[in-house]
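Q: I'd like to go over a predicted model; first the sequence, then the structure.
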Amino acid sequence: MLDPEDKDAGRRVVEAPFAAALSRLMDARDDLCVVTADLSKWTDVLPFAKAHPDRFVQVGMAEQNLMGVTAGLAKTGLLPIAVTFGVFATRRAYDQIAMSLATRPCKAIIAGFLPGLDSRFRGTHQAIDDLAIIRSLPGVTVIDPGDATELEEAVVAAADRDGLTYVRCSRGRAEALFEPAPFRIGPPRQLADGDGGMGVVTTGAATRWVAEIRPPGVAHLHVPTLKPFPAGEVAAFALDHARVVSVENHLLHGGLGASVAQAMAARGVATPLDARGIDDRWGEYGRPEYSRDRLGLGPDALRAVLSGERVAA
Amino acid sequence: MKDLQNDTADRAQAYQAARMRRAVIEMCRGPGQGYAGQGLELADVMAVLFHGHLREQDRFVLSTGHAAIALYAALWSIGRMTDEQIRTYGYDGTHVEESPLDDLDGFEVTGGSLGQGPSQAAGMALGERMRGSDAHVVCEVSDGELQEGSVWEAVMFAAARDLSNLTLLVNDNGEQADGATAEVLGIGPLAPKFEAFGLHAISVDGHDIPALRDALDAARAHDGPAAVIARTVPGKGVTTFDRFARVHYVRTDADTWQNAADELDAALAALG
Ligand SMILES: Cc1ncc(C[n+]2csc(CCOP(=O)(O)OP(=O)(O)O)c2C)c(N)n1
Ligand SMILES: [Mg+2]
């Protein structure tokens, strides 16, 4: 579905954090422009487009053109933010991102909406591979914010960073887990200390999934920056625990779990790692709660994993 | 004699179009939402294609993934999908997905990442020709999709390889996700664009059944690939859906769906 949907009641939500970030950036700098490929209504860009028509660029439904035009704008000294769904950015326009944006590299931001299982549409709209794809590009910064406050702050922080940054974004009412605080690209955030037994590492929406069901005694490390990956901190966290679980709203291939494993292996950390994510398959059609359950990422499954009742095969 | 035959075909196809519209409403009203505008606007085109134009060996490619509801209605109208199946449209875990993949019967391509149908249709047209088959390939594509460069790569290829067994059927409803196509990124006039790219172009009212039939026949008969540009109106056939003519996705209350169902039931009774 293309419409902003109410998230479950009872959780703290923030309206349109991406729109808030654009408005803050526009107040603070004079080089901002926002580029979209027929998705301004569906990505919280509409308020910006209405308020600053002279800084809003509509390229039509043409993602390769979106990335090329974004690169051209960047090469005139502007700071362009290219906005579309994560699937279309990374799959459809990968070569343009690589060759037009990432070689110099240009200073630009790509906002990829509908991360992971956010969308009902199996295969076509669920960005379950975007992190793997974009992480493989030399020098690109990759952020999967854990909540609405971090999303807003990450976009603001990305504007001060050189080179190309990819931020996974959620639209409409987005869940808030943290108190607003400036975002630092790179360092992880320790959300809970544990008893030294189980430690869990998460990124993006999976951070909220785990925060909601985390059993007492389980330490929790949130890693919003996938690249440059804070390998030293993650390996040290793993070393401090008897077992480590990673959870991500993404394929196991090439995302958080793979990065954690590499960080540990490179430092000789032999803690057993149970990586949880989508295992080499397309998603399921349906609301996120439904597809999470079907893919073994629902609250009950995660609770079982973190309480040690269910271990990796 | 010819006139009488045409008259019967008109009535039969108009009846099937009304049945499909009714099915579209039935699919959406359970979940309370869906791509009703697209389903309703494509019903006349689908009635002509699935109740006359397409032969057993022909292939139909729906490029616009989110317009799947129109193909579900068509498949239902020829008995390839059941009432029970189409009523699961949009529900968690359904196989009748709002934007399905090509692992579903009747769907030649995964259409949800828009603009990928025409290349596959061109490949199918070439493949059928290479295999010595006389199959014709009809590929639906939306006006928004024409903004994707990939569509024009396929068009150039079709013209260069002289794919006479390929018809592009453009669903020109004047709308896309961010609003009116003309305002988002003007693409018109379309016929000269297709002609310049080497296709024979035929413009037609997408709700005039006899004219659609003639246009598709002429495209098929043309020596070379052709584009039929069908001008359609979102929500066509349900008067109370006029207010959704400018929306990409319809979510509304049970009463509105019921009124639409009642209106279409009356239309069906009048036609039947
Ligand atoms: C490659 C790609 N880019 C963007 C989208 C998001 N999207 C879904 S529908 C749509 C509008 C397409 O225009 P059209 O098919 O004419 O829409 P309609 O007339 O049915 O509203 C867009 C941009 C998509 N599905 N695929
Ligand atoms: Mg359209």
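A: That came through fine. Ligands and ions are numbered 1, 2, ... in the order given.

Q: is it fair to say B:L71 lies in a helix?
A: Yes: B:L71 forms part of a helix when assessed by DSSP: H, G, I helix; E, B strand; the rest coil.

Q: residues in contact with it?
A: Shown in contact with B:L71 (Cβ atoms under 8 Å, 6 or more residues apart in numbering or on different chains): B:M46, B:F60, B:L62, B:G106, B:F107. For every residue, glycine as well, the C-beta is placed using N, CA and C.

Q: Neighbours of the third one, how many?
A: Okay, so that is B:L62. 29 (other Cβ atoms under 10 Å in any protein chain shown).

Q: nearest residue to B:Q13 other than its sequence neighbours?
A: Spatial nearest neighbour of B:Q13, excluding adjacent residues (Cβ to Cβ, 6 or more residues apart in numbering or on different chains): B:A47 at 4.3 Å.

Q: Let me know the secondary structure of that neighbour.
A: helix.

Q: Next one: it relative to B:H248, how far apart?
A: B:A47 sits 23 Å away from B:H248, going by Cβ to Cβ, to the nearest Å.

Q: more crowded one of the two?
A: Comparing B:A47 with B:H248 by other Cβ under 10 Å, the one with more neighbours is B:A47, at 27 against 21.

Q: Helices of the chain, residue ranges please.
A: As the question left the chain open, I've gone with chain A. Along chain A, the segments classed as helices by DSSP state H run A:17-28, A:46-51, A:63-74, A:86-87, A:94-96, A:130-135, A:148-158, A:205-213, A:231-239, A:256-266, A:288-294, A:299-306.

Q: wrong one, I was asking about chain B
A: B:2-29, B:36-41, B:43-48, B:68-77, B:83-86, B:117-130, B:149-160, B:181-185, B:190-196, B:209-221, B:254-271.

Q: near ligand 1, which residues of chain B show up?
A: Counting by Cβ under 6 Å from any ligand atom, chain B comes close to ligand 1 at B:38, B:64, B:66, B:112-115, B:142-145, B:173, B:175-177, B:248.

Q: Burial check on A:L256, number of neighbours?
A: 28.

Q: Excluding residues flanking it in the chain, which one is nearest it?
A: A:E248 (4.1 Å).

Q: Repeat that for A:A270.
A: Closest residue in space to A:A270, ignoring its immediate chain neighbours: A:M264 at 7.8 Å, by Cβ to Cβ, 6+ apart.

Q: Return the per-residue confidence for the one you found.
A: On the pLDDT scale, A:M264 is placed at 98.

Q: Based on its surroundings, how many neighbours for residue 180?
A: In the absence of a named chain, this looks at chain A. 15.

Q: Chain B is the one I meant
A: 12.

Q: Please apply the same query to the one 10 residues further on.
A: Other residues lying near B:L190 total 17 when counted by other Cβ under 10 Å.

Q: residues in contact with the residue nearest to it when sequence neighbours are not counted?
A: The shortest distance from B:L190 to any non-neighbouring residue, by Cβ to Cβ, 6+ apart, is to B:I229 (5.2 Å). Contact analysis of B:I229 by Cβ under 8 Å, 6+ apart lists B:V170, B:D172, B:L190, B:A191, B:F194, B:A201, B:I202, B:S203, B:V204.

Q: rerun that using 10 Å as the cut-off
A: Counting by Cβ atoms under 10 Å, 6 or more residues apart in numbering or on different chains, B:I229 makes contact with B:143, B:146, B:168-172, B:188-191, B:193-194, B:201-204, B:206, B:215.

Q: A:V245 now?
A: Counting by Cβ under 10 Å, 6+ apart, A:V245 touches A:198-202, A:210, A:218, A:220, A:257, A:260, A:272-276, A:302, A:305-306, A:308, A:311-312.

Q: One more: A:L306?
A: A:198-200, A:210, A:213-215, A:217-218, A:220, A:243, A:245, A:247, A:274, A:276.

Q: Indicate the residue of chain A located nearest to ligand 1.
A: Closest to ligand 1 within chain A is A:D38: 3.7 Å, counting by Cβ to the nearest ligand atom.

Q: which one is that residue nearest to, not counting chain neighbours?
A: A:M61 (4.0 Å).

Q: Around chain A, which positions in the stretch 101-250 of chain B sit nearby?
A: Residues of the stretch 101-250 of chain B lying close to chain A (Cβ under 10 Å from any Cβ of the partner chain) are B:101-103, B:110-116, B:142-151, B:176-179, B:181, B:183-187, B:247-249.

Q: are any of those residues buried, and which?
A: Among those, those scoring as buried are B:101-102, B:110-116, B:142-148, B:150-151, B:176-179, B:181, B:184-185, B:187, B:247-249 (criterion: 16 or more other Cβ atoms under 10 Å in any protein chain shown).

Q: residues near the nearest residue to A:D195 once chain neighbours are set aside, how many?
A: Nearest residue to A:D195, sequence neighbours excluded (Cβ to Cβ, 6+ apart): A:G217, at 4.3 Å. Neighbours of A:G217 under the rule other Cβ under 10 Å: 14.

Q: now do B:H51
A: 20.

Q: can you check B:L126 too?
A: 18.

Q: contacting residues around it?
A: With contact taken as Cβ under 10 Å, 6+ apart, B:L126 is in contact with B:V137, B:F157, B:A158, B:R161, B:D162, B:L163, B:N165, B:L166.

Q: can you give me the offset of stretch A:168-187 from its chain's centre?
A: 10 Å (Cα atoms, centre = their mean, to the nearest Å).

Q: wait, does that stretch make contact with ligand 1?
A: No: applying Cβ under 6 Å from any ligand atom, one finds stretch A:168-187 separated from ligand 1 by no less than 12.8 Å.

Q: low-scoring stretches of the stretch 1-150 of chain B, by residue?
A: Per-residue confidence for the stretch 1-150 of chain B (pLDDT under 70) gives these ranges: B:1-2.

Q: So which residues on it come close to ligand 2?
A: Proximity of the stretch 1-150 of chain B to ligand 2 (Cβ under 5 Å from the ion) is limited to residues B:S142, B:D143, B:G144.

Q: right, and out of those, which lies closest to chain A?
A: B:G144 (5.0 Å; Cβ to the nearest Cβ).

Q: Please enumerate the strands of the stretch 51-200 of chain A.
A: Secondary structure of the stretch 51-200 of chain A (DSSP state E, counting those that start in this stretch): strands at A:56-58, A:79-85, A:108-113, A:141-143, A:164-169, A:173-175, A:189-192, A:198-202.

Q: Just give me the lowest mean pLDDT stretch among the ones you listed.
A: If you rank the strands of the stretch 51-200 of chain A by mean pLDDT, strand A:173-175 sits at the bottom with a mean of 90.

Q: Listing partners with orientation, what would you give for it?
A: Pairing partners of strand A:173-175, with direction, according to DSSP bridges: strand A:13-15 (antiparallel).

Q: A:V200: what's it in contact with?
A: Residues near A:V200 by Cβ under 10 Å, 6+ apart: A:191-192, A:194, A:206-207, A:210-211, A:214-215, A:218-222, A:237, A:241, A:243-247, A:274, A:276, A:302, A:305-306.

Q: hmm, try it at 6 Å
A: Counting by Cβ atoms under 6 Å, 6 or more residues apart in numbering or on different chains, A:V200 makes contact with A:V210, A:V218, A:H220, A:V245.

Q: and what of A:D44?
A: Contacts of A:D44 by Cβ under 6 Å, 6+ apart are A:A16, A:F18, A:A19, A:R171.

Q: one more time with 10 Å, if that's ok
A: Counting by Cβ under 10 Å, 6+ apart, A:D44 touches A:4, A:15-22, A:83, A:111, A:113, A:169-172, A:174.

Q: Check B:G188 too.
A: For B:G188, counting by Cβ under 10 Å, 6+ apart, the contacting residues are B:D143, B:L146, B:D172, B:G174, B:T181, B:A182, B:I229.
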